[in-house]
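Student: missing the sequence, but the structure's below:
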């Protein structure tokens with residue numbers, strides 16, 4: 001009986017592992033199609049969050065789980081939590097990817113408990129967006145987020161060695177709040 005139970009458990013775990021990897025692959029492909037492919041190809045590493053849930057009424061929060069990649073290989077898992085305070089109402093889900101320009105940025109992010117402060121910003125893409133984001137050595141890069149609004153970023157699009165992109169999946173959120181995101185990394 002124990003062998004049968006262990007055999008069934010093994011089959012379930014083996015079937016679940018590719019499904020989790022597929023979520024990452026799908027999210028990465030969505031970011032490629034939205035125009036972030038040059039970042040994916042050139043970044044030292046990246047953390048991908050296939051789905052982050054966010055909601056709030058005055059006080060809000062968000063959370064999601066993701067995977068950190070270096071050189072195209074998964075090196076660990078990461079959990080994101082966010083707490084916000086201010087004018088906000090609603091709920092939404094979105095995908096997020098954080099690119100690391102170099103080993104220092106990846107090391108800082110994977111050091112344990114990393115925080116983005118309230119001043120951190122992300123480039124919002126949509127599924128039909130066409131982003132022209134160069135990772136070449138230009139002085140300034142212009143990113144078209146698909147809504148005719150241009151975003152100017154310094155150097156190769158990285159701020160303190162990191163660049164953050166999001167794609168909305170659904171929901172509605174009215175928000176004018178302050179908060180920060182905290183990331184907890186666990187290596188494989």
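Tutor: Okay, I see it. In this text, all values refer to a predicted model and were calculated from it rather than measured experimentally.
Student: ok, residue 176 - how many residues close by?
Tutor: As a burial measure, residue 176 scores 8 neighbours (other Cβ atoms under 10 Å). The way it works is simple: take the backbone N, C-alpha and C, and place the C-beta from them, glycine included.
Student: same deal with residue 178?
Tutor: 11.
Student: try residue 188
Tutor: Using other Cβ under 10 Å, residue 188 has 9 neighbouring residues.
Student: check contacts around it.
Tutor: Residues in contact with residue 188 (Cβ atoms under 8 Å, 6 or more residues apart in numbering) are 74-77.
Student: now those in JSON lines, with secondary structure and distance to residue 23?
Tutor: As requested, the contacts of residue 188 are exported to JSON lines (DSSP: H, G, I helix; E, B strand; the rest coil; distance: Cβ to Cβ, whole Å):
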{"residue": "74", "secondary structure": "strand", "distance to residue 23": "12"}
{"residue": "75", "secondary structure": "strand", "distance to residue 23": "17"}
{"residue": "76", "secondary structure": "strand", "distance to residue 23": "16"}
{"residue": "77", "secondary structure": "strand", "distance to residue 23": "12"}
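Student: looking at these, which one is closest to residue 44?
Tutor: The nearest member of these to residue 44, counting by Cβ to Cβ, is residue 75 at 11.6 Å.
Student: was I right to think the closest one contacts residue 68?
Tutor: Yes: under the criterion of Cβ atoms under 8 Å, residue 75 makes contact with residue 68 at 5.4 Å.
Student: spit out the residues that contact those two alike.
Tutor: By Cβ under 8 Å, 6+ apart, residue 75 and residue 68 have these common neighbours: 45, 110.
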